[in-house]
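*Asks:* heads up, no residue letters with this:
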């Protein structure tokens, strides 16, 4: 039985810290006036990085399903396992639904959807009131996302330092132990 996740799953897990860049871009934009070049650039990067998360989450899900899940040793209580599964589901939904919501917002605003020099097609027709509604949901769920990510990190540290199980160790990058 495997003791750790496979390398692709581990790499993609840690690479999803890209979410921090998504959040950083949208938070930093508030330091510059509306319409300024830097503010618009930060918003563009927020969109593009968010869509990158959307693309990568599917690869991550595939790697996770394909690679399996090593057991937690010693096994935590059932309620913790259920909580962990619910947390992972919520995080995956966040990484899927938030970029789609952002794409819907830009589409409904009638704005281009930038993606590294490409312009993605709109998902829906322009509809400013609908854009506003989706944006309110997007912002609320974004706030919830801060809490989900923080709780995920806190739970991993709790498992590592308090319960002393292998939850966190299963997701660590392997160290090169060869002397050469």
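*Replies:* Alright, I've got the coordinates. This one's a predicted model, so the numbers in the text were calculated from it and none came from an experiment.

*Asks:* where along the chain do the helices fall?
*Replies:* Applying DSSP state H to the chain gives helices spanning 7-15, 18-28, 37-67, 78-109, 128-158.

*Asks:* let me know the pLDDT of the residue nearest to residue 151 when sequence neighbours are not counted.
*Replies:* In space, residue 151 comes closest to residue 87 once its chain neighbours are excluded; the distance is 6.7 Å by CB to CB, 6 or more residues apart in numbering. Yep, even glycine has a C-beta here, placed from its N, CA and C like the rest. With respect to pLDDT, residue 87 has a value of 97.

*Asks:* for residue 178, same thing?
*Replies:* Reading off the confidence values, residue 178 has pLDDT 48.

*Asks:* before we move on, the earlier item: want to throw the helices of the chain into CSV with distance to residue 168?
*Replies:* Listed next are the helices of the chain as CSV, based on distance: least, CB to CB, whole Å:
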stretch, distance to residue 168
helix 7-15, 11
helix 18-28, 18
helix 37-67, 16
helix 78-109, 12
helix 128-158, 5
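
*Asks:* so which of these gets nearest residue 173?
*Replies:* Closest approach to residue 173 among these (CB to CB): helix 7-15, 5.9 Å.

*Asks:* ok and that closest one relative to helix 37-67, angle-wise?
*Replies:* Relative orientation of helix 7-15 and helix 37-67, computed by axes from the mean of the first three to the mean of the last three CA atoms, to 10 degrees: 150 degrees.

*Asks:* which elements pack onto helix 7-15?
*Replies:* Helix 7-15 sits against helix 37-67, with contacts defined as 3 or more CB pairs under 8 Å, 6 or more residues apart in numbering; DSSP states H and E.

*Asks:* mind listing what's buried along the helix it packs on?
*Replies:* Buried residues in helix 37-67, counted by 16 or more other CB atoms under 10 Å: 39, 42-43, 45-54, 57, 60, 63-64, 67.

*Asks:* same for that helix, what does it pack against?
*Replies:* If you count contacts as 3+ CB pairs under 8 Å, 6+ apart, helix 37-67 packs onto helix 7-15, helix 18-28, helix 78-109, strand 113-115.

*Asks:* who does the last one pair with, and is each partner parallel or antiparallel?
*Replies:* For strand 113-115, the pairing partners within the sheet under DSSP bridges are strand 118-120 (antiparallel).

*Asks:* contacts for the strand it pairs with, please.
*Replies:* With contacts defined as CB atoms under 8 Å, 6 or more residues apart in numbering, strand 118-120 is touched by 51, 103, 112, 113, 114.

*Asks:* which residues touch the lowest-mean-pLDDT helix or strand in the chain?
*Replies:* One helix or strand of the chain scores below all others by mean pLDDT, DSSP states H and E: helix 7-15, with a mean of 92. Applying CB under 8 Å, 6+ apart, the external contacts of helix 7-15 come out as 4, 5, 56, 59, 60, 63, 64, 67, 171, 172, 173, 174.
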